[in-house]
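[1] sequence plus the predicted model coming up.
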Amino acid sequence: MLLTPHTLVGIAVASVVKDPFVAFPISVGMHYLGDMVPHWDFFSYTEEGERVTGWRPLAVAGELTLAVATGTAFVLYALWLLNNPPLALRFLLCGIGGVLPDLMSGLTLYLKNINGILKINNQIQATLQFQSPLPWGIITQILVSFFSVLVILSSTGR
Ligand SMILES: [Zn+2]
């Protein structure tokens, strides 16, 4: 799944679960659930070698930028509009938690020896990934994003 919907799901968890020590692990867990939603991303239907060459790393970097901008917008929303620093901190933590497994997998693309938690994370992700061709693989992610924003806005009272 793309990083922006993962970020929004993490922030939705943060808007519902008030304890950051509970919300953070749930946001990470929701990443794996998110990958079970049929989706298309820049690595769909590719071999490992294709993932680090050509346009794909650039597209991933561009989409990561969008995810960071989205997360930052919600942190600022909590800080300035809601005047709620603890919520802003949870948004930040869980926004990162929502993409953490993919950040770890992304790292392993550039590492020679992978073991421990990085290896386990890659194996779980490879097992759970449910790919879907365009346009369906994007439509599902728009729905997930839309639903997440609804949860965030309704549970933060705007
Ligand atoms: Zn993933």
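    Okay, I see it.
[2] and the pLDDT at residue 6?
    pLDDT for residue 6: 98.
[3] A helix includes it, no?
    Yes: using DSSP: H, G, I helix; E, B strand; the rest coil, the assignment for residue 6 is a helix.
[4] show me what contacts it?
    Residue 6 makes contacts with 31, 34, 67, 98, 99, 102, as judged by CB atoms under 8 Å, 6 or more residues apart in numbering. In this view, the C-beta of every residue, glycine as well, is placed from N, C-alpha and C.
[5] gap between stretch 137-144 and the chain center?
    13 Å (CA atoms, centre = their mean, to the nearest Å).
[6] what does it contact?
    Taking CB under 8 Å, 6+ apart as the rule, stretch 137-144 contacts 1-2, 5, 8-9, 34, 37-41, 44, 131-132.
[7] among the residues you listed, which are in reach of the ion?
    The subset of the contacts of stretch 137-144 lying close to the ion, counting by CB under 5 Å from the ion, is empty.
[8] in stretch 143-155, what's buried?
    Buried residues in stretch 143-155, counted by 16 or more other CB atoms under 10 Å: 144, 145, 148, 151, 152.
[9] shouldn't the first one be within a helix?
    Yes: secondary structure assignment (three-state DSSP) places residue 144 inside a helix.
[10] give me every residue that touches residue 131.
    Neighbour list for residue 131: 38, 39, 40, 44, 45, 137 [criterion: CB under 8 Å, 6+ apart].
[11] ok, now with 10 Å
    Residues in contact with residue 131 (CB atoms under 10 Å, 6 or more residues apart in numbering) are 1, 35, 38, 39, 40, 41, 43, 44, 45, 137.
[12] what strand or helix carries the nearest residue to the fifth one once chain neighbours are set aside?
    The one in question is residue 40. For residue 40, ignoring the flanking residues on the chain, the nearest one in space by CB to CB, 6 or more residues apart in numbering is residue 137 at 2.6 Å. Assessed by DSSP states H and E, residue 137 sits inside helix 136-155.
[13] gap between the residue nearest to residue 40 and residue 17?
    Using CB to CB, to the nearest Å, residue 137 is found at 28 Å from residue 17.
[14] since that was my last question, I'll sign off now.
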